[in-house]
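Engineer: got a predicted structure plus its sequence, pasted below:
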Amino acid sequence: MSSAPPKAKLPSQIPFIIGNEAAERFSFYGMRTVLTNFLVGYLLIGLAEQERQAAAKEVFHVFVMGVYFFPLLGGWLSDRFLGKYRTIFWLSLVYCVGQVLLALSVESKPGFYAGLFLIALGSGGIKPCVSAFVGDQFDQTNKHLAKVVFDAFYWIINFGSFFASLLIPPLLSAKPTVITWNEAVLFTLDTPLPRLAFGIPAILMVLATVIFWAGRKKYVNVPPTPSDPHSFSTVCLTAVMGGTPGFALAIAGGIGAIGSLVTAIWLGVVPAVCLAIVVFLVFAGGGAWLQIDRARGKHPDEDVDGVRAVLRVLVIFALVTPFWSLFDQKASTWILQGNAMELPGWSWFKSAAQMQALNPLLVMLLIPFNNVVLYPLLRKAGIEPTPLRRMGTGIAFSGLAWIAVAMLQVTMDGGQKLPVLYQSLPYALLTFGEVLVSATGLEFAYSQAPAKLKGVLMSFWSLSVTIGNLWVLVVNATVKNETVTKAIGDAGFGVMAFQMFFFAGFAFAAAAAFAWYAKRYTLVDYYRKA
């Protein structure tokens, strides 16, 4: 009689990774939550108020673009040279330097912007590696426990975001503190409060790196892989070079990218580079799609079919970019609106930026609600909540959120002061859209790409966030034009209200295009066979 197999245990190194993620996410969201208000109230104080707000939005969205652009670099370093552990560790050190530099440079634009660049490089660079590193710690004996850890991972991200959004913003608006005992002054905490607001996230990032380093002897380290002669880019290049139409499109993309870089440099170096990359990818990707079958014979059929599948998904990703342009403005445009609203008067509520804590709180509530209540009810009604239906609906809900927040702005432009808690409805609508788009999009992308191209597709998913923030910068720059500003005024709108209605329309148009494409999209299933 054979003995029963031993009960699988959670790998002992997992607590180090979870602890690292908790501290890193608190660090990141703590810094991100106060960034817009710091720029408006401190670093850009020399500009006129309207110019300050526009400049703060530009800096914020350029930073977010970098955070979601650098995963391309981090994934490449990890896969080809350093492996996941060393990529995470060394880029975490860069991340730490960036956070410390922010705290030390609250009165220096060059130092502060350098800190933001290092944080974008570090945070973005480790982004594609951390979740994959978690998966590497499991094998066939305990793989069923991986889902538990990934659930804990997602929960701890929102946990860190919630408390960071709640606790860090008051530090930016508080007054220096005098510590007393029996009416005697012990000492005065006279550190400039922006330095404290950024210093605490810096301490948490250093702690996150120490926790990760402490588990170094326990980790399973999968070595980097050699160059693949049938990689995504190689197959695309073969297809493009296989005929005149595709090659001509790729050349047009190169010329268009150079033209975009030159003509859009007024947006800033980072946005111009990103726009150039987008233009090239659209044309070159179109050329590869047009004649992908010409790569057959030079590459295995399964690799060609995999590239075709990825190119089809990239259209989905392109249609999701408007959602990100709306979603990420909750930490810029919505905070600026909240600053002009009335606070509720609670002792712990010191800043409109604290409204952002609603987002992670609602995420933690909505995900189980959707899975346990909403989706079963829809199925009983004969409506299957497929991934594409959920994503299209989520984009539309983001548009509804912006209609709601635009109506608040119109009322305020009319001279009425509103409580900041009125933003709860827009936050609820936007977060519901996020749950339908973000979590579903990752699940959908994973199922639509073969194993060797899943990393490629995740990198493009991050790039879609970068492009979404690029649209914000383009719109923000456009409304600075005097002719456009006058036309908005003649229409009876304030600039902020007009932008809000514009982005709502942008989302509705994207949702309609998404629904049209989704009806024509043929699902494939690239889940690993049992």
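Structural biologist: Structure received. Quick caveat, the model's predicted, so the values are computed rather than measured.
Engineer: what residue ranges in the chain are flagged as low confidence?
Structural biologist: In the predicted model of the chain, residues 1-8, 140, 143-144, 146-148, 151, 174-192, 446, 526-530 satisfy pLDDT under 70.
Engineer: so how far is residue 22 from residue 84?
Structural biologist: Using Cβ to Cβ, to the nearest Å, residue 84 is found at 19 Å from residue 22. Glycine gets a C-beta too; all of them are placed from N, C-alpha and C.
Engineer: against residue 360, how distant is residue 513?
Structural biologist: Looking at residue 513 against residue 360, where the rule is Cβ to Cβ, the gap reads 30 Å.
Engineer: the more surrounded of the two?
Structural biologist: Per other Cβ atoms under 10 Å, whichever of residue 513 and residue 360 has more neighbours is residue 360, with 23 against 16.
Engineer: residue 161 is in contact with the more buried one, correct?
Structural biologist: Yes. Using Cβ atoms under 8 Å, residue 360 makes contact with residue 161 at a distance of 4.0 Å.
Engineer: what sits against residue 11?
Structural biologist: For residue 11, the contacting residues are 137, 138, 142, 218, 220, taking Cβ atoms under 8 Å, 6 or more residues apart in numbering as the criterion.
Engineer: that one looks like it's in a helix, true?
Structural biologist: No. Counting by DSSP: H, G, I helix; E, B strand; the rest coil, residue 11 is not part of a helix but coil.
Engineer: okay, and the most centrally placed residue in the chain sits in which element?
Structural biologist: A centroid search over the chain (Cα atoms, centre = their mean) returns residue 465, at 5.5 Å, as the residue closest to the centre. For residue 465, the host element (DSSP states H and E) is helix 454-478.
Engineer: next secondary structure element downstream of that helix?
Structural biologist: Moving toward the C-terminus from helix 454-478, the first helix or strand encountered (DSSP H and E) is helix 482-490.
Engineer: find the residue closest to the residue nearest to the centre of the chain in space, skipping its chain neighbours.
Structural biologist: Beyond its immediate neighbours in the sequence, the residue positioned closest to residue 465 (Cβ to Cβ, 6 or more residues apart in numbering) is residue 68, lying 3.9 Å away.
Engineer: what does residue 319 give?
Structural biologist: Setting aside the residues directly before and after it, residue 319 is nearest to residue 514 in space (Cβ to Cβ, 6+ apart), at 4.5 Å.
Engineer: over to residue 266?
Structural biologist: Taking Cβ to Cβ, 6+ apart as the measure, residue 266 lies nearest to residue 477, with 7.3 Å between them; neighbours along the chain are not counted.
Engineer: repeat for residue 81
Structural biologist: Closest residue in space to residue 81, ignoring its immediate chain neighbours: residue 224 at 5.8 Å, by Cβ to Cβ, 6+ apart.
Engineer: next, the angle helix 454-478 makes with whichever strand or helix holds residue 128.
Structural biologist: Secondary-structure element containing residue 128, defined by DSSP H and E: helix 109-136. Helix 109-136 and helix 454-478 are oriented at 150 degrees to each other (axes from the mean of the first three to the mean of the last three Cα atoms, to 10 degrees).
Engineer: for helix 109-136, packing partners?
Structural biologist: helix 14-38, helix 49-69, helix 71-77, helix 83-104, helix 146-167, helix 454-478 (3 or more Cβ pairs under 8 Å, 6 or more residues apart in numbering; DSSP states H and E).
Engineer: let me know the angle separating the first one from helix 109-136.
Structural biologist: Using the same axes, to 10 degrees, the interaxial angle of helix 14-38 with respect to helix 109-136 works out to 150 degrees.
Engineer: tell me which residues in helix 14-38 are buried?
Structural biologist: Neighbour counts over helix 14-38 (16 or more other Cβ atoms under 10 Å) mark 14, 16-38 as buried.
Engineer: residues contacting residue 417?
Structural biologist: Contact analysis of residue 417 by Cβ under 8 Å, 6+ apart lists 341, 342.
Engineer: 54 is where my numbering starts, stick with that
Structural biologist: Sure, I'll start numbering at 54, so the last one becomes residue 470.
Engineer: just say helix, strand or coil for it.
Structural biologist: For residue 470, the reduced secondary structure class is coil; criterion used: three-state DSSP.
Engineer: how near is it to residue 480?
Structural biologist: When residue 470 is compared with residue 480 (using Cβ to Cβ), they lie 19 Å apart.
Engineer: ok, residue 132 next?
Structural biologist: Here the criterion is Cβ to Cβ. By it, residue 132 lies 37 Å from residue 480.
Engineer: next: residue 359.
Structural biologist: Noted for residue 359: a distance of 39 Å to residue 480, by Cβ to Cβ.
Engineer: please apply the same query to residue 71.
Structural biologist: Noted for residue 71: a distance of 27 Å to residue 480, by Cβ to Cβ.
Engineer: same question for residue 452.
Structural biologist: The spacing between residue 452 and residue 480, counted by Cβ to Cβ, is 15 Å.
Engineer: check residue 497 too.
Structural biologist: To residue 480, residue 497 is 25 Å away according to Cβ to Cβ.
Engineer: ditto for residue 189
Structural biologist: Summarising the geometry, the distance separating residue 189 from residue 480, computed by Cβ to Cβ, is 36 Å.
Engineer: between those two, which is the more surrounded one?
Structural biologist: Summary of the neighbour comparison: residue 189 and residue 480, criterion other Cβ under 10 Å, with residue 480 having more neighbours (22 against 16).
Engineer: tell me what the helix or strand containing that one is packed against?
Structural biologist: If you go by DSSP H and E, residue 480 is part of helix 477-487. The contact analysis (3+ Cβ pairs under 8 Å, 6+ apart) places helix 477-487 against helix 354-380, helix 411-422, helix 440-466.
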